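Participant: my questions concern the predicted model and sequence given below.
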Amino acid sequence: MDAKPAAAAAAQTEDRLLHVLYGTLNDDTQWQQVLAALCRRFATRAAALAHYDFDAGAGRILYQAPADGPLQAIYDQGRPLNPWFLSKAPYLPGRILDSPELIAPEDFLQTDFYREILRPHGLFHRLCGVLARQRNHVWYLVLHRRKEQMPFDSADRARLRTLMPHLMTVFEVRTRCAAQVRLAGLLARIVQAYLPPVLVLDRDGAVLHGEIAADALPAQLRLVDGRLATRDAALQKPLRDRIRRMAEAAQAGKPGRASLALDEADGAAPIQLTLCALGPDTNAQGGQAGALVGLLISDPGQDARQAMRRFADHFALSPAEEKVSALILQGMTPARVARSLHISEHTVRSHLKQIFRKTNTHRQAELMSLRERADY
């Protein structure tokens, strides 16, 4: 083949390889195609994207070609000692290493690693490109040839050196994306565990983000075809109006805030809905595709109830005494407490006597002062 057509064919091959490589940014499974293409490009028995932990003295294959190749078994083993990883010093990002740089071929042939692990698979020659390193962890691309094949030469190193900036860029972007996904997952778990439910809605009230099961919603709310709705039909229009008003502000890129109080229902405590304009929802190409509305579902009395629960636990108040003390601490008289709880005033005073005894107080004012000073 003439030099020019050969060069053109090589350039086309590399262009196709880079196209597939950058495709891994959207689809991790394309790494298999990248490694298979590298096997063809470098005439290798196997190729892999791998990680090695110098502290543990063991590594693992992230992706390999062929998919059923021998590298998984080779690199997952911590023993016998892998002579390619005796020192982390050579493994600097961007560096290209072949086996003779790390250990002389005649010495390598005498190692247990070669005799027990590589030789049964017919592998010997190795070319490695270091993609990233963090402290004692290294990520790299590795190519393997059989013993009867030609060793990797300067032309192979030059070809790999040309590809390394692309490989490193793709790996760095994927690593950062994975870190952001992990962070988002952790933050979502924190929000779910410690904060009131937070949802992201579109202008029609459809839940876009913030997974919440229908049976986990407060009694005052429900989901209808994925859209948030109130159980009280009279409150549906006020909720819809507020969502759309916030959506209009979000679409215009303006701040906005609205709230809606929902009374207790089916024994559930009253809740407060706080809505805010989050801004326009843009698609991947940057065009506007709608508006985002944030919704916080909060229980205004939750903190007070939890504090009262801790107060009652600290002084070993019974459930009935806890209910009486909660109203007494709001400043109610025994007569009003009796009406609120639908019990006799005599029963209230009997509970109050026990509350004073357990808290070592004698009057309502002393009990209120104790609650204000205490941190339970």
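Facilitator: Sure, I can see it.

Participant: make it CA atoms for all contacts and neighbour counts henceforth
Facilitator: OK.

Participant: what about A56, neighbour count?
Facilitator: Counted with other CA atoms under 10 Å, the neighbours of A56 add up to 10.

Participant: quick one: secondary structure of it?
Facilitator: coil (DSSP: H, G, I helix; E, B strand; the rest coil).

Participant: and L25, by the same measure?
Facilitator: Going by three-state DSSP: L25 is coil.

Participant: shift numbering so it begins at 118
Facilitator: Fine by me, first position is 118 from now on; the one you just mentioned is L142.

Participant: OK, contacts around it?
Facilitator: Listed by CA atoms under 8 Å, 6 or more residues apart in numbering, the contact set of L142 reads 287, 290-291.

Participant: what's the following helix or strand after the helix or strand bottoming out on mean pLDDT in the chain?
Facilitator: Ranking every helix and strand in the chain by mean pLDDT, DSSP states H and E puts helix 120-140 at the bottom, with a mean of 64. Downstream of helix 120-140, the first helix or strand assigned by DSSP states H and E is helix 148-159.

Participant: now whichever helix or strand comes after that next one: mean pLDDT?
Facilitator: Sequence order places strand 163-170 as the next helix or strand after helix 148-159, per DSSP H and E. For strand 163-170, mean pLDDT is 92.

Participant: for S415, phi and psi?
Facilitator: Dihedral pair for S415: phi -130, psi 160, per degrees, to the nearest 10.

Participant: wait, it sits on V315?
Facilitator: No. S415 lies out of contact with V315 (CA atoms under 8 Å); the separation is 9.1 Å.

Participant: can you give me the helices for the chain?
Facilitator: All helices of the chain, identified by DSSP state H, fall at 120-140, 148-159, 188-192, 216-219, 222-225, 229, 271-311, 353-368, 419-431, 436-445, 451-458, 462-476, 481-490.

Participant: any chance of the ones you listed in JSON lines, plus mean neighbour count?
Facilitator: Shown next, in JSON lines, are these (neighbours: other CA atoms under 10 Å):
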{"stretch": "helix 120-140", "mean neighbour count": "14"}
{"stretch": "helix 148-159", "mean neighbour count": "20"}
{"stretch": "helix 188-192", "mean neighbour count": "18"}
{"stretch": "helix 216-219", "mean neighbour count": "15"}
{"stretch": "helix 222-225", "mean neighbour count": "13"}
{"stretch": "helix 229", "mean neighbour count": "16"}
{"stretch": "helix 271-311", "mean neighbour count": "14"}
{"stretch": "helix 353-368", "mean neighbour count": "20"}
{"stretch": "helix 419-431", "mean neighbour count": "15"}
{"stretch": "helix 436-445", "mean neighbour count": "18"}
{"stretch": "helix 451-458", "mean neighbour count": "16"}
{"stretch": "helix 462-476", "mean neighbour count": "16"}
{"stretch": "helix 481-490", "mean neighbour count": "14"}
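
Participant: distance to L379 added to the ones you listed, as CSV?
Facilitator: Putting these into CSV (distance: least, CA to CA, whole Å) gives the following:
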stretch, distance to L379
helix 120-140, 49
helix 148-159, 52
helix 188-192, 58
helix 216-219, 71
helix 222-225, 75
helix 229, 73
helix 271-311, 21
helix 353-368, 10
helix 419-431, 15
helix 436-445, 22
helix 451-458, 21
helix 462-476, 30
helix 481-490, 29
